[in-house]
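Chemist: Pasting a predicted model and its sequence here:
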Amino acid sequence: MDPSGNKKSVLLFDWGNTLMKVFPDQSGPMKTWTKIEVMPHVRETLNLLHPEWIIAIATNAENSSEEDIREVLRNVDLLSSVDKIYCYRNIGFKKPSRDFFHYILQDLNIEPEKIIMIGDDYQADVQGARNNQIRAIWYNPGRKTAPDHQPVDQFGDFRKLQDLLKQVNLQ
């Protein structure tokens, strides 16, 4: 936090398979799925991080609007830990496009150096953020190798994210 007690940096999380589990047998808006599940240890991690960080969601979800996402988050007791939602259905652009990230930077009125993108899709989340001078952390529970073999901060268990963020130096 800055000296006035205000949050000064943003954690931008992907939604599907980062915060919420995606079930391949389910279709349509997530709020209509018969199975809805938070990824392991997400709830407690966001509760720990939220006092210090602005928490936002950045998703390419095609079937869920911002309102749909808010309903799901409310139903799984995550809504109080999320400050902003940026979704394809509402802004009209997808990650990794520059337009997607530019929209978020403009809306938050913040410099790219004050944001960390966290997601499971290397191309959309990590490369998309990096292409826009936004720091990225790869949620990689499967311990895959980065396709471009570039070094990347990564974690596979949300219980380790808080410690990883302590090592990240945001200007």
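Modeler: Sure thing, it's come through.
Chemist: could you pull out the strands for the chain?
Modeler: Using DSSP state E, the strands assigned to the chain run over residues 10-13, 54-59, 84-87, 115-119, 135-139, 153-155.
Chemist: which residue ranges form the helices in this protein?
Modeler: Under the criterion DSSP state H, the chain contains helices at 42-49, 66-75, 88-91, 98-108, 128-130, 161-167.
Chemist: So which other helices or strands are in contact with the fifth one?
Modeler: With contacts defined as 3 or more C-beta pairs under 8 Å, 6 or more residues apart in numbering; DSSP states H and E, helix 128-130 has these neighbours: helix 98-108, strand 115-119, strand 135-139. Where you see a C-beta, it was placed from the backbone N, CA and C, and this is true even at glycine.
Chemist: at 7 Å what do you get?
Modeler: strand 135-139 (3 or more C-beta pairs under 7 Å, 6 or more residues apart in numbering; DSSP states H and E).
Chemist: got it, and the first one?
Modeler: On a contact count with 3+ C-beta pairs under 7 Å, 6+ apart, helix 42-49 meets helix 161-167.
Chemist: buried ones in the helix it packs on?
Modeler: For helix 161-167, burial by neighbour count (16 or more other C-beta atoms under 10 Å) applies to 161, 165.
Chemist: just checking, what packs against it?
Modeler: Helix 161-167 is packed against helix 42-49, strand 153-155, with contacts defined by 3+ C-beta pairs under 7 Å, 6+ apart.
Chemist: Of all these, which one comes closest to residue 168?
Modeler: Residue 168 lies closest, by C-beta to C-beta, to one member of those: strand 153-155, at 7.0 Å.
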